[in-house]
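1. next input, structure requested:
(one chain, ligands or ions: 1)
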Amino acid sequence: MRREIFSEEHELFRSECRRFVEAEIAPKVAGWNRDGLTDRETWRRVGAAGFLGAHAPEEYGGAGGDFLFDAIVMEELARVRAHALMVSLHSDICMPYLEVYGTPEQKQRYLPGAISGERILAIAMTEPGTGSDLANVQTRARRQGDHYVLNGAKTFISNGQIADLVIVVAKTDPDTKPPHDGISLILVEGDAPGFRRGRNLEKLGLKGQDTSELFFEDCRVPVANLLGREGQGFKMLMAQLQQERLCIAVASIASCRRSLDDTIAYVKERRAFGRPLAAFQNTQFKLAELAAEVEIGQAFVDKLLAAHVRGEDIVTEVSMAKFWTTDLQKRLSAECLQLFGGYGFMSEYPISGDYADAAVQSIYAGTNEIMKVIIARRMGLE
Ligand SMILES: Cc1cc2nc3c(=O)[nH]c(=O)nc-3n(C[C@H](O)[C@H](O)[C@H](O)COP(=O)(O)OP(=O)(O)OC[C@H]3O[C@@H](n4cnc5c(N)ncnc54)[C@H](O)[C@@H]3O)c2cc1C
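-> Residues are numbered from 1 along each chain as shown. From the prediction side, this is the model:
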């Protein structure tokens, strides 16, 4: 179905992005998956081509577009399974904190490098002892003169090995009631004294993504690195989560399309009992059902993209989309793998990677259970 949210300019941008991604990104995916890490040169090339922060203000080197341009980048990267290169985390999850809450000095210091790909961004909320219950973070940031001194540990941090700037969620006041009123966001540069990276964690999927432990041991950063106001961190996080979760839904539907297209091609080629797999009614019904769900999901996501660009509060609907599209992606990748038979289980067939990569989609950016908690709360069910 023709999608109605994109202008001619968006379509032109998509063509450019597709050409770039096919030429420069797709050939690198297997290597990243082998190494467990992307490379800096690629980040710089993506930046130079104008695909980092396509929405970002022109005064800092951005293209000044709307969020639909970023959504196009997400879709094109998902189309070649470049999940390792977490551009949406960098551009659409981390960068907006700097744009919305940064002081003029912070913006000047960090945004141009982020947009050019020189400075890779990460956000560190999760800790070994707490994920969903974010208000319970234990990392402390104590004010000492002109510095904050951070102590604590984070885990599962995407871009953790490669990041040059980490937005760290820390408690500046551990005694507030409610506890989330004591949370602040502190910018920690990669070479800050007392900041140490731990293991690049081994995972079921997203093999090329560096997901890491981070440690802060008397890590000193200037007070000028406070983002926004002290004690406002939790509110700032909540305000940005609509976009973070919409990114997941966009990528989920794009990944579903990739798996579906590959499966349709495979069942037309592979033969059993003297005919192509595509001739079996089971194959036809399964793929017809999945294709219908992808179209339904796309229509919903497109409606949300348009509303998000208009600046509407669609937290409830985005939470719905996050859990629904990621559950679909998990189910779809499993059903498609089944249609590949034994080959679907082999690493050389990308559908096996799709299945492994899908698993995390319902876990990060707020688990799907937390999405339902939010929806229920906003329905007045408490
Ligand atoms: C590959 C990967 C990348 C990640 N990247 C980042 C990153 O860049 N930055 C970052 O900060 N974090 C990141 N995370 C962490 C991720 O956001 C957390 O794993 C997630 O929020 C869940 O937290 P948890 O793992 O502590 O699980 P828990 O909070 O311990 O949850 C365990 C289970 O209990 C359920 N549960 C918890 N509370 C409730 C409730 N109230 N009602 C019902 N069920 C509940 C959960 O839904 C889940 O099923 C990443 C994780 C992974 C796996």
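
2. where along the chain do the helices fall?
-> 8-20, 29-35, 40-48, 67-79, 87-88, 95-101, 104-116, 233-269, 281-309, 315-339, 350-358, 368-378 (DSSP state H).

3. which single residue of the chain ends up nearest the ligand?
-> Residue nearest to the ligand within the chain (Cβ to the nearest ligand atom): Gly131, separated by 1.9 Å. No exception for glycine: its C-beta is placed from N, CA and C like everyone else's.

4. for that residue, give me its contacts.
-> Residues in contact with Gly131 (Cβ atoms under 8 Å, 6 or more residues apart in numbering) are 125, 156, 367.

5. isn't the second one right next to Leu201, touching?
-> Yes - checked against Cβ atoms under 8 Å, the pair Phe156 and Leu201 is within contact range at 7.1 Å.

6. next, Pro193: phi, psi?
-> phi -60, psi 130 (degrees, to the nearest 10).

7. thought it was touching Glu217?
-> No - under the criterion of Cβ under 8 Å, Pro193 is not in contact with Glu217, lying 9.4 Å apart.

8. of the contacts of Gly131, which belong to strands?
-> Phe156 (DSSP state E).

9. from the contacts of Gly131, which are also near the ligand?
-> 125, 156, 367 (Cβ under 6 Å from any ligand atom).

10. now do the contacts for the first one.
-> Contact criterion Cβ under 8 Å, 6+ apart gives 131, 134, 137, 154, 169, 237 as the residues in contact with Met125.

11. ok, which pair from these is furthest apart?
-> Distances among the contacts of Met125 were taken as Cβ to Cβ; the most separated pair is Lys154 and Leu237, at 14.2 Å.

12. out of those two, which sits in the more crowded spot?
-> The neighbour comparison of Lys154 against Leu237 (other Cβ atoms under 10 Å) goes to Lys154, with 25 against 19.

13. apart from its neighbours in sequence, what residue is nearest Arg220?
-> His147 (4.8 Å; Cβ to Cβ, 6 or more residues apart in numbering).

14. low-confidence stretches in the stretch 1-150 of the chain?
-> Applying pLDDT under 70 to the stretch 1-150 of the chain picks out no residues at all.

15. enumerate the residues of it near the ligand.
-> 122-126, 131-132.

16. can you rerun that using 8 Å?
-> Residues of the stretch 1-150 of the chain found near the ligand, taking Cβ under 8 Å from any ligand atom as the criterion, are 89, 122-126, 130-134.

17. restricted to buried residues, select these in ChimeraX.
-> In ChimeraX syntax, the buried subset of those is picked out as below (16 or more other Cβ atoms under 10 Å):
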select :89,122,123,124,125,126,131,134
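
18. which one is the residue nearest the centre of the chain nearest to, not counting chain neighbours?
-> For the chain, Leu89 is the residue whose C-alpha lies nearest the centre (Cα atoms, centre = their mean; 4.3 Å). Among residues not flanking Leu89 along the chain, Ser158 sits closest, at 5.4 Å (Cβ to Cβ, 6+ apart).

19. is it true that that neighbour touches Gly208?
-> No - between Ser158 and Gly208 there is no contact under Cβ under 8 Å: 11.4 Å.

20. tell me the spacing between the residue located most distally from the centre of the chain and Phe280.
-> Going by Cα atoms, centre = their mean, the residue of the chain most distant from its centre is Gly274, 43.9 Å out. The gap separating Gly274 from Phe280 is 12 Å, by Cβ to Cβ, to the nearest Å.

21. Leu337 too?
-> Counting by Cβ to Cβ - Leu337 and Phe280 are separated by 16 Å.

22. and if you look at Leu68?
-> 39 Å.

23. more crowded one of these two?
-> When neighbours are counted by other Cβ under 10 Å, Leu68 and Phe280 differ, and Leu68 comes out ahead with 22 against 15.
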